[in-house]
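A.B. asks: Attaching a predicted model along with its sequence, questions to come.
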Amino acid sequence: QVQLVESGGGSVQAGGSLGLSCGTSEGTFSRYAMAWFRQAPGKDREFVTGISWNGGRTSYADSVKGRFTISRDNAKRTAYLQMNSLKPEDTAVYYCAGSFSNLGRSPQSYDVWGQGTQVTVFS
């Protein structure tokens, strides 16, 4: 079972930036489409952004478009999420996920998940 490990969460003032990382020791990382989801208290897990296996295609939720950037480095077996111009409504637990299928927006499309990392944005 592939294990994904997120890091980089924390607390930041509105308007600030945070970067998240999602790494694995598994050699199959380059075969996965990768995505970031988030879940706020009392809400469903929602798609934030995703990237295809080779980085050639990305997808963003409208709520983060222009503020968040997803990237990956297959040699380092790591996916990244750079979050700029953060808003209080971005507060959530952020999860990275990997899929052997095509890049999708549904959590059900993803085969492996990280444990989550908390991001808190205060005003």
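C.D. replies: Great, that's in hand.
A.B. asks: Residue 76 touches residue 22, doesn't it?
C.D. replies: No: taking contacts as C-beta atoms under 8 Å, residue 76 lies outside contact range of residue 22: 10.9 Å. To be clear about C-beta, it is placed using only N, CA and C from the backbone, and glycine gets the same treatment.
A.B. asks: neighbour count winner among those two?
C.D. replies: Between residue 76 and residue 22, residue 22 has the larger neighbour count (other C-beta atoms under 10 Å), namely 28 against 11.
A.B. asks: So what sits opposite the residue positioned nearest the centre of the chain in the bridge?
C.D. replies: Ranked by distance to the mean C-alpha position of the chain (C-alpha atoms, centre = their mean), the top residue is residue 36 at 2.3 Å. Counting by DSSP bridges, residue 36 is bridged to residue 49, residue 96.
A.B. asks: Now do the contacts for it.
C.D. replies: Residue 36 makes contact with 20, 22, 48-50, 70, 79, 81, 94-97, according to C-beta atoms under 8 Å, 6 or more residues apart in numbering.
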